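What shape does this take:
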Amino acid sequence: MLTPDEPRPVLLMNTIWASRSRLHDDLTAVAGLRDFLGVPVDEDDLVAFRALRQALRDLAGVLTEDTRAIAQDRDLGRAVAEVNRAAKSARRWPQLTVESGKLLQHNESEGSPADRERASIAAEAIALFTGEDRVLLRACHAPGCVLYFVKDHPRREWCSPSCGNRVRAARHYRRNRE
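Numbers count the residues shown, from 1 in each chain. Reported below is the predicted structural model:
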């Protein structure tokens, strides 16, 4: 269900998705988070990532003026505090290294692998929500869809081709039914 070309904050937001019959959550268990991140995680990490995901969805809902039912219960103050807490969960600093006689920058970081991933995703979200691309963030308004996406093409209107097909099929059905 996830579109791998999306920025990581959008991928995290989209771990909540809908099928025809129900809403799905890929982060209900530690194994789901481990699959998403590819690093060792525990129950505390799962709680922290679920909180970050909700904060990102709240902020995306505000930025996109999302009117879908799933986006109505947002708390902007809590969301900002959660993203900031996640962003500072693993401090990073530049270090110099020498490889083949050349000076290169290498970033060191503290915290567990999950903390580093959480801080990195939060920092990417801050850049996305405050940078030039923030106007490209969209909520998919295909019937039943709850995903977000970055509009990377002028004609892109949905998160995936399948959502676009659902919209076109519904439009065709309405036209022919009337």
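
Ala125 touches Leu56, doesn't it?
Yes. Using C-beta atoms under 8 Å, Ala125 makes contact with Leu56 at a distance of 5.5 Å. Just so you know, the C-beta spots here come from the backbone N, C-alpha and C atoms, and that holds for glycine as well.

so what's in contact with the two at the same time?
9, 83 (C-beta atoms under 8 Å, 6 or more residues apart in numbering).

Figure out how far the longest helix belonging to the chain is from the centre of its chain.
Longest helix of the chain, by residue count under DSSP state H: helix 43-63. In terms of C-alpha atoms, centre = their mean, to the nearest Å, the centre of helix 43-63 is found 9 Å from the chain centre.

do the same with stretch 137-155
Taking mean C-alpha positions (C-alpha atoms, centre = their mean), stretch 137-155 and its chain are 12 Å apart.

which residues of this structure fall in helices?
8-13, 30-37, 43-63, 76-87, 113-130, 161-177.

of all these, which lies closest to Leu103?
helix 113-130 (23.9 Å; C-beta to C-beta).

what is the orientation angle of that closest one with helix 30-37?
If you take axes from the mean of the first three to the mean of the last three C-alpha atoms, to 10 degrees, helix 113-130 sits at 60 degrees to helix 30-37.

what about helix 113-130, distance to the chain center?
Distance, stretch centre to chain centre, for helix 113-130: 10 Å (C-alpha atoms, centre = their mean).

which outside residues touch the longest helix of the chain?
With C-beta under 8 Å, 6+ apart, helix 43-63 has contacts from 9-10, 12-13, 15-16, 27, 29-30, 33, 36, 41, 66, 71-72, 74-76, 78-80, 82-83, 86, 89, 112, 114-115, 118, 121-122, 125, 129, 134, 137, 139, 148.

likewise stretch 84-100?
The contact list for stretch 84-100 (C-beta under 8 Å, 6+ apart) reads 48, 51-52, 55, 103-112, 115-116, 118-123, 126.
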